[in-house]
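Participant: Please find the sequence and the predicted model below.
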Amino acid sequence: MCSRCRCLADPAAGARVRPAIVEGALEAAVLLLLAEGSGYGYELAAATERRALVPGRVTPARVYEVLRRLEDEGAVTSRGEGSPEGPDRRRYRLARRGRARLDGWAEALRLTEQALQRLLHAHAHVRGVPHGHPGEVTASRGASARTGRAPAPPRPAARTARSGT
């Protein structure tokens, strides 16, 4: 993973990849923040990164792309406002369609989380790495998906020699 923007980097190919799930999560994060209250694009970008709602760096340009698309689709509304400190800016609000879309994201992310945990569990098994239950989720920004190792499964009791056989 790239230390600058935390994209998935393939050093052999020199390629940087931002998985679609990360890009989609930015939309969900913007919708969530707007469900908490209206905001400006720069505020939404800063809050998304500060709260670690998506992996990697969140630029205002990416947030404005999402906001424009959501507004075109009727999920958010905006209003221009004057600013005494600089150019006019737009305040974004969540529309009814946006709340329904956020609810859909929440359900899709729950299902995805469950599937990803099963995938990580299977991957750990294939690698022979101790792992916990597939439903465990303890992710934090900058940490691995697991913040600690689950205890190893109990070993079978040692066999003792039977007398007389």
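Facilitator: Perfect, I can see it now.
Participant: how far away is Pro87 from Gly74?
Facilitator: According to Cβ to Cβ, to the nearest Å, Pro87 and Gly74 sit 26 Å apart. C-beta coordinates here come from the backbone N, C-alpha and C atoms, glycine included.
Participant: Name the spans of the chain whose pLDDT lies under the cut-off.
Facilitator: Along the chain, segments meeting pLDDT under 70 span 1-23, 130-165.
Participant: residues near Leu111, how many?
Facilitator: Counted by other Cβ atoms under 10 Å, the residues lying close to Leu111 total 9.
Participant: Is it in a helix, a strand, or coil?
Facilitator: Classification of Leu111 by DSSP: H, G, I helix; E, B strand; the rest coil places it in helix.
Participant: Kindly report the same for Arg79.
Facilitator: Applying three-state DSSP: Arg79 is strand.
Participant: Pairing-wise in the sheet, spell out the partners of the residue lying closest to it once chain neighbours are set aside.
Facilitator: Leaving aside its sequence neighbours, Arg79 sits nearest to Arg91 (Cβ to Cβ, 6 or more residues apart in numbering; 5.5 Å). Note on Arg91: beta-bridge partners by DSSP bridges are Tyr40, Arg79.
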